[in-house]
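> okay, here's the prediction I keep looking at, along with the sequence it came from:
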There are 2 protein chains.
Amino acid sequence: MQKNIIQHILKFVDLSEDDIVVFNKYVETHQLKKKEFLLQESRVCNHLYFVEKGCLRMYFINKKGAEQIVQFALDGWWISDYQSFTNHTPSDYYIQTIEESAIVSIDNQNLDKLLFELPKLEKYFRIIMQKAFAGAQLRSKLLYEMSKEEFYTHFSTSFPEFMLRVPQYMIASYLGLTPEYLSELRKRK
Amino acid sequence: MQKNIIQHILKFVDLSEDDIVVFNKYVETHQLKKKEFLLQESRVCNHLYFVEKGCLRMYFINKKGAEQIVQFALDGWWISDYQSFTNHTPSDYYIQTIEESAIVSIDNQNLDKLLFELPKLEKYFRIIMQKAFAGAQLRSKLLYEMSKEEFYTHFSTSFPEFMLRVPQYMIASYLGLTPEYLSELRKRK
């Protein structure tokens, strides 16, 4: 059932058959249709989500009342509102499926229990968080130095799968472009 | 010598006297003057840096040849180019002291050895990285929805110590404002 997440963990940490049994005791799996919500604004985000297969988006409603997408997650990616998850404060975000998705989730208390029982997974989550932060540093640098057009080119070259799987208006929201301007950029390429 | 980092670790993980001896075997301490470099562009960033006391800035040289500051670190903060550190690739950044500073550093190989010998520190670094990423998510949201003026107000309210310790032109660089406009904003407050 949770094949991909186990493969993902095995890239960084060894797991015995017994370890996998322990792991499965603490995580849940969800088969979700398109447009289902895993998190809604003003709720505390108590879970980390791993995409076994599918696609999620994370967004908030901005001052103009529009959806502002801040992150996507495809197969093999973790996603959560870590501010809300870490501090147990209400979230400003929604996390929603963009397509039919298989998700593995673990809640805050079960993560503590899992890490207590299988401390070697601390290493896995440390590496995952380190990579996530490295990605955030890179993204922040690109936003400082690139025009929106350059950022679009970088994004579409680095993540071609998104361009195929994610609706254009969502990519426009993520990149801070109007859908019309994005469509023009795509024609020019 | 490394009092603050031990206190910082003890907030999250217990350490015995023996553990502290092991820890000290793998870290280095540095007494730096103002304007000394810990990292320079095109070098691989092989270290994580913890500010025992002092202040660091991390910046890159943008296309116009100007210094673009992306991060500061005060007493009790970790700083590194995690992209370079994780992937062993040349860095685009400089990390430099803003004032006389006491720094604790650990290099990539020693971090591996330390975590092998004291695996309980995996938890500490996992939590540190999770908090860093949570901070990056929050900052990214603020940049999406705030004007530069609002971001300045938020920054100066959230981190009043920076306003006292960091030169104005560096805060202007970090916030993407001209020094003249920042000076005007400060007068208005």
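That came in fine, so what should we check first?

> all contacts plus neighbour counts: C-alpha atoms, from now on.
Noted.

> please name the nearest non-neighbouring residue to A:Leu143.
For A:Leu143, ignoring the flanking residues on the chain, the nearest one in space by Cα to Cα, 6 or more residues apart in numbering or on different chains is A:Phe151 at 7.4 Å.

> tell me which element that neighbour is part of?
Secondary structure from DSSP states H and E places A:Phe151 in helix A:148-158.

> run the chain-centre distance for that helix.
Centre-to-centre, helix A:148-158 and its host chain are 19 Å apart (Cα atoms, centre = their mean, to the nearest Å).

> what's the answer for stretch A:168-187, then?
With Cα atoms, centre = their mean, you get 21 Å for stretch A:168-187.

> ok, residues contacting the helix or strand just after the helix holding A:Phe151?
As assigned by DSSP H and E, the chain's next helix or strand after helix A:148-158 is helix A:160-165. For helix A:160-165, the external contacting residues (Cα atoms under 8 Å, 6 or more residues apart in numbering or on different chains) are A:Ser156, A:Ile171.

> next, the buried residues of the helix holding A:Phe151.
A:Phe151, A:Tyr152, A:Ser156 (16 or more other Cα atoms under 10 Å in any protein chain shown).

> packing partners for that helix?
helix A:168-175 (3 or more Cα pairs under 8 Å, 6 or more residues apart in numbering or on different chains; DSSP states H and E).

> tell me what the helix it packs on is packed against?
On a contact count with 3+ Cα pairs under 8 Å, 6+ apart, helix A:168-175 meets strand A:67-74, helix A:148-158, helix A:179-188.

> quick one: the longest one to helix A:179-188, angle?
With axes from the mean of the first three to the mean of the last three Cα atoms, to 10 degrees applied, the angle from helix A:148-158 to helix A:179-188 works out at 60 degrees.

> got the angle between helix A:148-158 and helix A:168-175?
Going by the same axes, to 10 degrees, helix A:148-158 makes 120 degrees with helix A:168-175.

> still on that earlier bit, which ones are touching the residue nearest to A:Leu143?
By Cα under 8 Å, 6+ apart, the residues touching A:Phe151 are A:Leu142, A:Leu143, A:Leu175.

> same deal with A:Gln96?
Neighbouring residues of A:Gln96 by Cα under 8 Å, 6+ apart: A:Lys35, A:Glu36, A:Phe37, A:Leu38, A:Leu39, A:Leu56, A:Arg57, A:Met58.

> one more time with 10 Å
A:Gln96 makes contact with A:32-40, A:55-59, A:72 under the criterion Cα atoms under 10 Å, 6 or more residues apart in numbering or on different chains.

> most neighbours among those residues, which one is it?
Neighbour counts for these peak at A:Leu56, which has 30 neighbours (criterion: other Cα atoms under 10 Å in any protein chain shown).

> pretty sure A:Lys113 contacts A:Tyr26?
Yes - assessed by Cα atoms under 10 Å, A:Lys113 is found in contact with A:Tyr26 at 7.8 Å.

> and these two? Which one has more around it.
Shown here are A:Lys113 and A:Tyr26; by other Cα under 10 Å, A:Tyr26 has more neighbours (16 against 13).

> which parts of chain A are helices?
Assignment of helices within chain A using DSSP state H yields the ranges A:3-10, A:17-26, A:82-87, A:108-117, A:121-145, A:148-158, A:160-165, A:168-175, A:179-188.

> got a markdown table for those, with mean pLDDT too?
Shown next, in a markdown table, are the helices of chain A (pLDDT from 0 to 100):
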| stretch | mean pLDDT |
| --- | --- |
| helix A:3-10 | 94 |
| helix A:17-26 | 96 |
| helix A:82-87 | 96 |
| helix A:108-117 | 97 |
| helix A:121-145 | 94 |
| helix A:148-158 | 88 |
| helix A:160-165 | 87 |
| helix A:168-175 | 89 |
| helix A:179-188 | 84 |
